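*Asks:* Turn this into a model:
(one chain, ligands or ions: 3)
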Amino acid sequence: MQSKTAVIDFTMQSDKTEGLHVAIVMDGNGRWATRRGLPRVAGHRAGVAALRRVVERAPDLEIATLTVYAFSSDNWRRPRHEVQGIFWLMRVYLRLELGKLCQRGVRLQFIGRRDRLPLALLLDLAQAESATAHGAGLHLRVAVDYSSRDSIAEAAASAVNRLSLDLPVCTQLMRRALTEALTSEAGDVDLLIRTGGEKRLSDFLLWETAYAELHFVDRLWPDFDAADLDAALAEFSRRERRFGAVPRAMHTPIPSLGGAQ
Ligand code: IPE
Ligand code: IPE
Ligand code: MG
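*Replies:* Numbering: from 1, shown residues only. Ligands and ions are numbered 1, 2, ... in the order given. Got it, this is the predicted structure:
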């Protein structure tokens, strides 16, 4: 059942006008399955259903961009059959959901390395991206074989190739080049949610979350539903984001200083 939480005005919570960027570390699939005496891949399958619920609810909450962590570059350390199971489920998800995603105007994009993925998956990812390329609704970014450190290193290497300047100038330009390369149109993350109780980033969007609000929940990802997303966004709306400045209430011009800030 869809939650009836009132739509919250997020305009004060983000410097963007087109909606929020929410990122999710979808963690806890394995524990969900183990607690039920099931193989871990059953947890990943249940995790797919949770993703479907969240993707359906996101546009109601003024989320313009949703970036989800599906498979980290360190997840290659898992048993081969689990990795294969995860990739197989990604392909099933795309087969079953692509039509609906197109209808709803979702634009799919996959971030992360492509050179180590099985060919069949690679083709499905590329096909899903081109089929949804004109979607004007939710921008859904799925991180597969993703490592934030690798992305930063790659962006830095390509910037170094282009910039051969004095160190101070280079530092400024490098920062701009990295911001462009790493955040692209998705921009910085406003809110990062991690399910499953762990309080860490596990190499996810390290650059983009510099000023993100962090929301950790104990609930395991397969149990996460629309009401949990509503609750996360409601809590986010109560946070005061300062970006290094003073609280808004204190931000009044001082007449004796001629209003200079
Ligand atoms: C997250 O769930 C999904 C992936 C990493 C692919 P886990 O599989 O890490 O679940 P836990 O943390 O072991 O419960
Ligand atoms: C992070 O979860 C990766 C994904 C959710 C895809 P992990 O379960 O791999 O992270 P750690 O190992 O607990 O840090
Ligand atoms: Mg985990």
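*Asks:* Need the contact partners of stretch 92-102.
*Replies:* By Cβ atoms under 8 Å, 6 or more residues apart in numbering, the residues outside stretch 92-102 that reach it are 48, 51-52, 55, 108, 124-125, 127-128, 131-132, 135, 140. All C-beta atoms are positioned from the backbone trio N, CA, C, and that covers glycine.
*Asks:* same question, stretch 71-84
*Replies:* 40-41, 44, 86-87, 90, 112-113, 116, 143-147, 150, 202-204.
*Asks:* In stretch 195-211, which residues are buried?
*Replies:* 195-196, 201, 203-205, 207-209 (16 or more other Cβ atoms under 10 Å).
*Asks:* right, I mislabeled it, should have said stretch 127-144
*Replies:* 128, 132, 135, 138-144.
*Asks:* Convert the C-alpha atoms of that stretch to PDB, please.
*Replies:* Taking C-alpha atoms only, stretch 127-144 is exported to PDB below (Å, rounded to 0.1, in the frame of the first residue of the first chain):
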ATOM      1  CA  GLN A 127      19.900  -1.500 -24.400                       C
ATOM      2  CA  ALA A 128      18.100  -0.300 -21.300                       C
ATOM      3  CA  GLU A 129      20.000   3.000 -21.400                       C
ATOM      4  CA  SER A 130      19.200   3.600 -25.000                       C
ATOM      5  CA  ALA A 131      15.500   2.600 -24.600                       C
ATOM      6  CA  THR A 132      15.000   5.000 -21.700                       C
ATOM      7  CA  ALA A 133      17.300   7.800 -23.000                       C
ATOM      8  CA  HIS A 134      14.500  10.300 -23.600                       C
ATOM      9  CA  GLY A 135      12.800   9.700 -20.300                       C
ATOM     10  CA  ALA A 136      12.000  13.100 -18.700                       C
ATOM     11  CA  GLY A 137      10.900  11.700 -15.300                       C
ATOM     12  CA  LEU A 138      13.100  10.100 -12.600                       C
ATOM     13  CA  HIS A 139      16.800   9.800 -13.500                       C
ATOM     14  CA  LEU A 140      17.700   6.400 -12.100                       C
ATOM     15  CA  ARG A 141      21.400   5.700 -11.800                       C
ATOM     16  CA  VAL A 142      22.400   2.200 -10.900                       C
ATOM     17  CA  ALA A 143      26.000   1.700  -9.700                       C
ATOM     18  CA  VAL A 144      27.400  -1.600 -11.000                       C
END
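*Asks:* what about it, distance to the chain center?
*Replies:* 13 Å (Cα atoms, centre = their mean, to the nearest Å).
*Asks:* And the helices in the stretch 1-150 of the chain?
*Replies:* Assigned by DSSP state H, counting those that start in this stretch, the helices in the stretch 1-150 of the chain fall at 29-35, 40-57, 80-103, 119-131, 148-162.
*Asks:* For the last one, name the packing helices and strands.
*Replies:* If I follow you right, that is helix 148-162. helix 167-183 (3 or more Cβ pairs under 8 Å, 6 or more residues apart in numbering; DSSP states H and E).
*Asks:* go on, the fourth one?
*Replies:* Based on contacts counted as 3+ Cβ pairs under 8 Å, 6+ apart, the elements that helix 119-131 packs against are helix 80-103, strand 107-111.
*Asks:* How about Val48: what's its closest non-neighbour residue?
*Replies:* Among residues not flanking Val48 along the chain, Tyr93 sits closest, at 5.1 Å (Cβ to Cβ, 6 or more residues apart in numbering).
*Asks:* what's near enough to touch Ala232?
*Replies:* 191, 193, 215, 217.
*Asks:* Repeat the analysis, applying 6 Å as the threshold.
*Replies:* Ala232 is in contact with 193, 215, counting by Cβ atoms under 6 Å, 6 or more residues apart in numbering.
*Asks:* Just to be sure, it is in a strand?
*Replies:* No. Counting by DSSP: H, G, I helix; E, B strand; the rest coil, Ala232 falls outside a strand, being helix.
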